[in-house]
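Peer 1: mind looking at a prediction? Sequence and model below.
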Amino acid sequence: MLVRLLVILSTVTYAVWPASLLGQNTESGAWTWFTDVDWDKNQQLSYAEIDSECIQRFNRLDDNKDKQLSLAEVSSFLEYYNRPDKRQLQAIIQQRFTLIDNDKNQQISREECLHFNRQLLANCDSNHDGLLTRPEWQTCLTSAD
Ligand SMILES: [Ca+2]
Ligand SMILES: [Ca+2]
Ligand SMILES: [Ca+2]
């Protein structure tokens, strides 16, 4: 059960955030996410790094600058997406958006983003040192199968 939850969690993060999703399968998307978030390129993610990921994401996607991400804002890239799996992608994004939107007000707040990322790190940080290494991320992804 926990393992299944981890799969959902680890895939949610980058599926909702379009940049790393396009043209990539699940596992390479997860690694793109890891590399992007690893700001100082020391092959591990700290809480500071995953926090700043939320802030950057908001700066990038929050079109109306209300400090909330609506479903329309996170899926605006679909306007230019013409592949046959568009409807399926739309459904996945909707589902994952709902999962991150803790209070179900149809908006993702910065706090919800931070909470989600921290929960993901905590779940995958198997030696509990506050850092997510590449082997830990790998284990987290593969233990899902
Ligand atoms: Ca907004
Ligand atoms: Ca919300
Ligand atoms: Ca660790």
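Peer 2: Received it, and whenever you're ready, just let me know what you need. Residues are numbered from 1 along each chain as shown. Ligands and ions are numbered 1, 2, ... in the order given.
Peer 1: tell me the helix or strand right after the lowest-mean-pLDDT helix or strand in the chain.
Peer 2: None of the helices or strands of the chain scores lower by mean pLDDT, DSSP states H and E than helix 2-16, at a mean of 46. Once the chain leaves helix 2-16, the next helix or strand it forms, by DSSP states H and E, is helix 26-37.
Peer 1: list the contacts of the residue nearest to Trp31 when sequence neighbours are not counted.
Peer 2: In space, and not counting its chain neighbours, Trp31 is closest to Trp137: 8.0 Å by CB to CB, 6 or more residues apart in numbering. To be clear about C-beta, it is placed using only N, CA and C from the backbone, and glycine gets the same treatment. Contacts for Trp137 (CB atoms under 8 Å, 6 or more residues apart in numbering) come out as Ala30, Trp31, Phe34, Leu45, Cys124.
Peer 1: now do the last one, the pLDDT please.
Peer 2: What the model reports as pLDDT for Cys124 is 91.
Peer 1: neighbours around the closest residue to it other than its chain neighbours, how many?
Peer 2: Using CB to CB, 6+ apart and skipping the chain neighbours, the partner closest in space to Cys124 is Cys140 (3.7 Å). Residues lying near Cys140 (other CB atoms under 10 Å) number 22.
Peer 1: SS state for the residue nearest to Trp31?
Peer 2: Classification of Trp137 by DSSP: H, G, I helix; E, B strand; the rest coil places it in helix.
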